[in-house]
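Novice: make a model of this:
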Amino acid sequence: MEHKLAAVLAADMVGYSRLMEVDERGTLARLRTHRIELIDPAIAKNQGHIIKTTGDGMLVEFQSVADAVRCAVEIQDRMRRRNSDVADERRIDFRIGINLGDIIFDEGDIYGDGVNVAARVEQLAEVGGICVTAAVHDQVDGRLDIAFEDLGEKLLKNISRPVRIYRVVAGAPETTPAAAGGQAAAKAAVVKPTVAVLPFANMSGDPEQEFFVDGLTEDILTELSRRRELFVISRTSTFVYKGQAANLREVAQKLGARYLVEGSVRKAGDRLRVTVQLIDTASDAHIWAERYDRKLDDIFAIQDEITAAIVATLPGRLEAAQHDQLARLKPSNMAAYECVLAAKVLHHRSTREDNAEAQKLIDRALQLDPDYAHGHAWRGCILGQAFTYGWCKDKEATMNEVAFELSKALALDDNDADVHRILAAIAVVQGDLNRARYHQDRALALNPNYDLVVVQMGELFTWLGRADEGIEWIRKAMKLNPHHPARFWSHLGKAHFVGRQYAQAIESFMHLSTMDVQQHAFVAACYGWLGDRTAAAAHLARVRELEPELDAEKFLATMHYADVADLEHLREGLAKAGM
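Specialist: Residues are numbered from 1 along each chain as shown. Take a look at the predicted model:
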């Protein structure tokens, strides 16, 4: 047996038995997700070693007391952010206790007084909290930017002597006004567009339709709240105005909202008409309006369909309106959000020059606010585009930067669908389609109506050789956002090609106003399979013009098909075209 002095972290899940009784499979799946994405990476980053796990807890050994405390604070801070929009009955929380003491290692397990005290201290911690012994506190007090509260000496179960306990105070220590002022000057706040969804009006003259109208309003509110780039006013605040004919500008001022969503529902016979509009209260301008006419076959299916359409289209129209304002501003006046917004628009154009400009803007956003999670996610996305298209000087260094940005974004906000969407895309580039599917499913769970997530699910199924499912997902994304980026047509064309539907693939690519090397090559391969050598040669000529050094092997090396047969299918099509 080996004896040594070490820091021991004991963690235990709160309410494990109750959660397992309510939803055993769901609880285990969520706990596994927390381990994979949050807990295990935090332990590894702080040089910890997991000694023992139980169904609802674990013991971790650290060589450094400071590392143990840093790890505990990171886990609890990230869990707090992750739980911010999780219902109480599904929420997973932990208690953590840390002790510095003598422990015994024997056949892969640990024992001793140091372990027992850590386990008892953990039981004193509040839900989502951390308690440490005096031995730990004395080692780190003043060395870490963490505040402690002295809880005094406590008698612990089966421990003969009293032990002084300290509680880690959540949140950063208070700063002096002078220091706070200096921080404010160095860092610009992210000013997200604030949206309020007013209760839709029931124009049917049918009181029984009221439940549908309120349900539709609440669904739109809930789904819009998933978008991390928006700040959505709560239902409690907006439903105060139900049934009132209020002045919209006054309502906006009271709610603190720049944009208002309002609408109405009218029933006539077996038909239902829903109208919705987005209003910029600063100018009283109607940015966007839409009307939905449906048969009243299944009112709840209609509610889901209309909600999905509104929440998919509205953020895009709002971004377009913000971008119009942004075009009139000088870059030096941009806030972090506005820089990210402009960078997104440039990214979607998918050219080398626009990507370079997008990198400059996203860098400025993160200079203004280094802790802007959505900004870090999109910097990873923009650099990932440069990596994929070969627009970077050092591909290995660029991929390392992408990994860093996504790790940072994940640490700041676990619930940003964009983070998991981009992690899935990077996993595809690295050839790990299983990991890509994991992150893609997580992104979809976080925001099932986000067109970029939905279309990427179609891309993933295309790489997996499941063309019909890929086409279905891509068309769903197009339906969700009628103003989708042009590249959605490219994804659809590639899916049709994998499905051996060459005419449909060509028709999809023809929706693009301009085509890049990859798109011309796919069209050439389609014509190759159709036996049209003249059309195939024309597209191959454009490939050579755009990238003279490209040959079939170099081109095929950029593909990520799971099935070799799909890669050979593309190779043969290019050969038939004359490449």
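Novice: geometrically speaking, which residue is the centre of the protein?
Specialist: In the chain, the centroid-proximal residue (CA atoms, centre = their mean) is residue 417; its distance is 2.1 Å.
Novice: which residues of the stretch 101-250 of the chain score low on pLDDT?
Specialist: 107-110, 170-192, 208, 225, 228-229, 234-236 (pLDDT under 70).
Novice: where does the stretch 451-579 of the chain dip in pLDDT?
Specialist: Applying pLDDT under 70 to the stretch 451-579 of the chain flags the ranges 482-483.
Novice: what ranges do the strands span in it?
Specialist: Remark: no strands are assigned in the stretch 451-579 of the chain by DSSP state E, counting those that start in this stretch.
Novice: can you pull out the helices in the stretch 101-250 of the chain?
Specialist: Counting by DSSP state H, counting those that start in this stretch, the stretch 101-250 of the chain has helices at residues 113-124, 134-140, 177-186, 210-224, 235-238, 248-255.
Novice: so which of the ones you listed comes closest to residue 285?
Specialist: For residue 285, the closest of these is helix 248-255, at 11.6 Å, according to CB to CB. In this view, the C-beta of every residue, glycine as well, is placed from N, C-alpha and C.
Novice: could you give me the buried positions within the closest one?
Specialist: Under the neighbour-count criterion of 16 or more other CB atoms under 10 Å, helix 248-255 has 248, 251-252, 255 buried.
Novice: quick check: mean pLDDT across the helix or strand that it is followed by?
Specialist: Downstream of helix 248-255, the first helix or strand assigned by DSSP states H and E is strand 259-268. Strand 259-268 shows a mean pLDDT of 84.
Novice: same question for stretch 368-385.
Specialist: 88.
Novice: just the buried residues of helix 248-255 now: which is nearest residue 127?
Specialist: residue 255 (32.2 Å).
Novice: distance check, that closest one against residue 223.
Specialist: Noted for residue 255: a distance of 19 Å to residue 223, by CB to CB, to the nearest Å.
Novice: and if you look at residue 7?
Specialist: 44 Å.
Novice: show me what contacts residue 419?
Specialist: 373, 377, 406, 409-410, 413, 443 (CB atoms under 8 Å, 6 or more residues apart in numbering).
Novice: need the three-state assignment for residue 365.
Specialist: Residue 365 falls in the helix class when you classify it by DSSP: H, G, I helix; E, B strand; the rest coil.
Novice: check contacts around it.
Specialist: Contact analysis of residue 365 by CB under 8 Å, 6+ apart lists 334, 336-337, 339-340, 343, 372, 375.
Novice: mind putting those residues in CSV, distance to residue 465 included?
Specialist: Formatted as CSV, these follow (distance: CB to CB, whole Å):
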residue, distance to residue 465
334, 44
336, 41
337, 40
339, 39
340, 35
343, 34
372, 38
375, 35
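Novice: so which of those residues comes closest to residue 474?
Specialist: The nearest one, if we look at these relative to residue 474 and count by CB to CB, is residue 343, at 24.4 Å.
Novice: just to revisit the earlier point, looking at the helices of the stretch 101-250 of the chain, which is closest to residue 430?
Specialist: Among the helices of the stretch 101-250 of the chain, helix 210-224 sits nearest to residue 430 (CB to CB), with 31.6 Å.
Novice: residues of that closest one that come out buried?
Specialist: By neighbour count on 16+ other CB under 10 Å, the buried set for helix 210-224 is 212-221, 223-224.
Novice: could you identify which of the contacts of residue 419 has the most neighbours?
Specialist: Greatest neighbour count in those, by other CB atoms under 10 Å, goes to residue 377: 28 neighbours.
Novice: that residue and residue 420 touch, don't they?
Specialist: No: Residue 377 sits out of contact with residue 420 when judged by CB atoms under 8 Å, with a separation of 9.2 Å.
Novice: residue 57 - how many residues pack around it?
Specialist: Neighbours of residue 57 (other CB under 10 Å): 17.
Novice: got a list of what it touches?
Specialist: For residue 57, the contacting residues are 10-13, by CB under 8 Å, 6+ apart.
Novice: endpoints of stretch 7-27, how far apart?
Specialist: 29 Å (CA to CA, to the nearest Å).
Novice: now it: buried residues?
Specialist: Of the residues in stretch 7-27, 7-16, 19-20, 27 count as buried by neighbour count, 16+ other CB under 10 Å.
Novice: give me phi/psi at residue 57?
Specialist: Note on residue 57: its backbone torsions stand at phi -160, psi -180 [degrees, to the nearest 10].
Novice: so what's it bridging to?
Specialist: Listed by DSSP bridges, the beta-bridge partners for residue 57 are residue 12.
Novice: and what of the one 5 residues further on?
Specialist: Partner residues in beta bridges with residue 62: residue 7, residue 48, with DSSP bridges as the criterion.
Novice: that one against residue 72, yeah?
Specialist: No: contact criterion CB under 8 Å: residue 62 and residue 72 do not qualify, at 9.8 Å.
Novice: let me know the outermost residue of the protein.
Specialist: Distance from the centre of the chain peaks at residue 160, with 48.9 Å (CA atoms, centre = their mean).
Novice: ok, that one to residue 265 distance?
Specialist: According to CB to CB, residue 160 and residue 265 sit 70 Å apart.
Novice: now residue 94, nearest residue through space, not along the chain?
Specialist: residue 11 (5.2 Å; CB to CB, 6 or more residues apart in numbering).
Novice: residue 58 is in contact with the one you found, correct?
Specialist: Yes: the pair residue 11 / residue 58 is scored as a contact, 5.4 Å apart, by CB under 8 Å.
Novice: so what does residue 352 look like in phi/psi?
Specialist: phi -60, psi -40.
Novice: residue 131: what's it in contact with?
Specialist: Residue 131 makes contact with 96-98, 121-122, 124-125, 151, 165-168 under the criterion CB under 8 Å, 6+ apart.
Novice: residue 289: which element?
Specialist: Assessed by DSSP H and E, residue 289 sits inside strand 285-295.
Novice: partner strands of that strand, with direction?
Specialist: Strand 285-295 pairs in its sheet with strand 271-280 (antiparallel), by DSSP bridges.
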